[in-house]
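>>> Let's see this in three dimensions:
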Amino acid sequence: MADDQEKTEEATSKKIEDARKDGNVPKSMDTSAFITLIVALGAFLAMLSWIESRTVYLYYYYHSLIGVEITKEVVLQMSLISCREVIFMVIPLAVAVAIAGILANVLQTGFIFTTKPLMPDLSKLDPMKGLKNLLSLKKLVETIKILIKVSIVMWVAYYFLWSFTKELPTVIYFPLYDQLSWLKEKMLILVAVILIIFLVIALMDLLFVRYNYFKNLRMSKQEIKDEYKQMEGDPKIKAKIRQIQMQMTRKRMMQEIPEADVVITNPTHYAVAIRYNQEKEAAPKVIAKGTDYVALRIKEIALNHQIQIVENPPLARELYKKCDLGQIIPETLYKAVAEVLAFVYRSSKKMR
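Modelled structure (predicted):
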């Protein structure tokens with residue numbers, strides 16, 4: 001029993017889908033941040049000339065104000081132009097970062113839309129529960145991860161900056177243009193190294209988050225059994241459905257008995273109603289059959305509609321076993337059924 005309660009089994013597709021509907025998906029914040037950072041840097045480099053042109057425009061605009069009397073109108077115009085130019089420089093970058101954030105989440109979890117996480121949950125207002133969450137193992141792990149990441153980035157940045165400073169005694173004798181080139185080169189190296197570190201951290205965090213996510217979704221054997229029962233349906237409900245279906249089938253069967261040509265019986269146990277419509281059917285067809293009480297009902301309806309009843313125990317048993325409702329009789333029984341029908345037609349003075 002204890003083994004059934006231990007969560008040792010991988011989550012089923014249904015449980016994963018239910019978790020997605022609740023907004024519970026494996027999402028690595030470090031991966032999202034890395035993708036957003038890459039897109040932001042790319043957008044910044046692509047817009048560098050644009051930003052430079054707007055900055056130069058502002059510089060010349062401010063330079064043109066030298067000697068101009070500062071009035072409310074001038075201050076207002078200067079504020080509007082400054083805000084306009086800053087917006088022109090920031091908005092494209094902000095849009096690119098926003099799209100990158102959405103793209104980073106979609107790449108990790110796929111497109112998902114749910115409002116359940118937005119629904120108010122009063123249990124979250126419980127201070128004791130909030131304190132437990134604050135002091136939980138998950139929060140401790142997240143804190144340790146942040147400390148490790150910050151420490152690694154700071155140590156690497158310090159190491160490279162320290163190595164760069166060793167070149168300063170030589171660089172100070174360079175011309176200004178060469179100094180700027182050196183500074184640009186070292187900045188690119190530092191940015192590239194930090195990006196590589198962020199990439200490694202993002203991949204590790206992604207793997208850890210997905211592992212932890214699927215680990216938390218693990219199920220016990222009993223939960224899998226319960227889910228299977230839920231998907232397949234409760235046995236009692238399925239039995240009830242089968243009972244209703246049988247009742248409906250029996251009702252339709254009883255309604256078709258008046259169309260029968262003959263009812264073949266084993267006097268007390270079996271009854272099979274046969275119909276032969278030469279224009280529509282290639283051979284005689286079983287339209288009703290039953291045993292015991294159902295057989296009695298078939299014979300009763302046949303008597304009420306003056307349908308002849310023929311006692312032939314071997315044939316009745318064979319027809320009951322080998323023919324389903326609405327099925328043409330098998331060729332092996334053609335001769336026996338034909339003899340019965342011929343007898344019925346003769347006795348009722350019908351033409352075959």
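
>>> burial of Met219, as a residue count?
Neighbour count for Met219, taken as other Cβ atoms under 10 Å: 17. Glycine gets a C-beta too; all of them are placed from N, C-alpha and C.

>>> Leaving aside the residues adjacent along the chain, what's closest to it?
Counting by Cβ to Cβ, 6 or more residues apart in numbering, Met219 lies nearest to Glu9, which is 5.0 Å off, once chain neighbours are set aside.

>>> Tell me who's in contact with the one you found.
Taking Cβ atoms under 8 Å, 6 or more residues apart in numbering, we find Glu9 in contact with Arg218, Met219, Ser220, Lys221, Glu223, Ile224.

>>> Can you say which of these are buried?
Buried subset of the contacts of Glu9 (neighbour count, 16 or more other Cβ atoms under 10 Å): Met219, Ser220, Glu223, Ile224.

>>> Can you name the two of these that sit furthest apart?
Using Cβ to Cβ, the two most remote members of those are Ser220 and Ile224, lying 7.3 Å apart.

>>> Following element in sequence after the lengthiest helix in the chain, please.
If you go by DSSP state H, the chain has its longest helix at helix 176-216. As assigned by DSSP states H and E, the chain's next helix or strand after helix 176-216 is helix 221-232.

>>> Tell me which other helices or strands that following helix touches.
Other helices and strands packing on helix 221-232, by 3 or more Cβ pairs under 8 Å, 6 or more residues apart in numbering; DSSP states H and E, are helix 2-5, helix 13-21.

>>> Confidence-wise, which of these is weakest overall?
Of all the helices and strands packed on helix 221-232, the minimum mean pLDDT falls on helix 2-5 (a mean of 56).

>>> is it fair to say Ala11 lies in a helix?
No: going by DSSP: H, G, I helix; E, B strand; the rest coil, the assignment for Ala11 is coil, not a helix.

>>> Tally up the residues packed near the residue nearest to it when sequence neighbours are not counted, please.
Distance criterion Cβ to Cβ, 6+ apart; nearest residue to Ala11, sequence neighbours excluded, is Leu217 at 3.8 Å. Neighbour count for Leu217, taken as other Cβ under 10 Å: 17.

>>> From Arg20, how far out is Leu217?
Distance from Leu217 to Arg20, counting by Cβ to Cβ, to the nearest Å: 11 Å.

>>> Please apply the same query to Glu281.
53 Å.

>>> follow-up on the earlier one: of the contacts of Glu9, just say which sits nearest to Tyr211.
Arg218 (11.2 Å).

>>> How about that closest one, nearest residue that isn't a chain neighbour?
Leaving out its chain neighbours, the residue that sits closest to Arg218 by Cβ to Cβ, 6+ apart is Lys7, at 4.2 Å.

>>> Specify the local secondary structure of that neighbour.
Once three-state DSSP is applied, Lys7 turns out coil.

>>> Next, work out how far apart it and Lys285 are.
Taking Cβ to Cβ, one finds Lys7 at 56 Å from Lys285.

>>> Same question for Leu183.
96 Å.

>>> and what of Leu180?
Distance from Leu180 to Lys285, by Cβ to Cβ: 98 Å.
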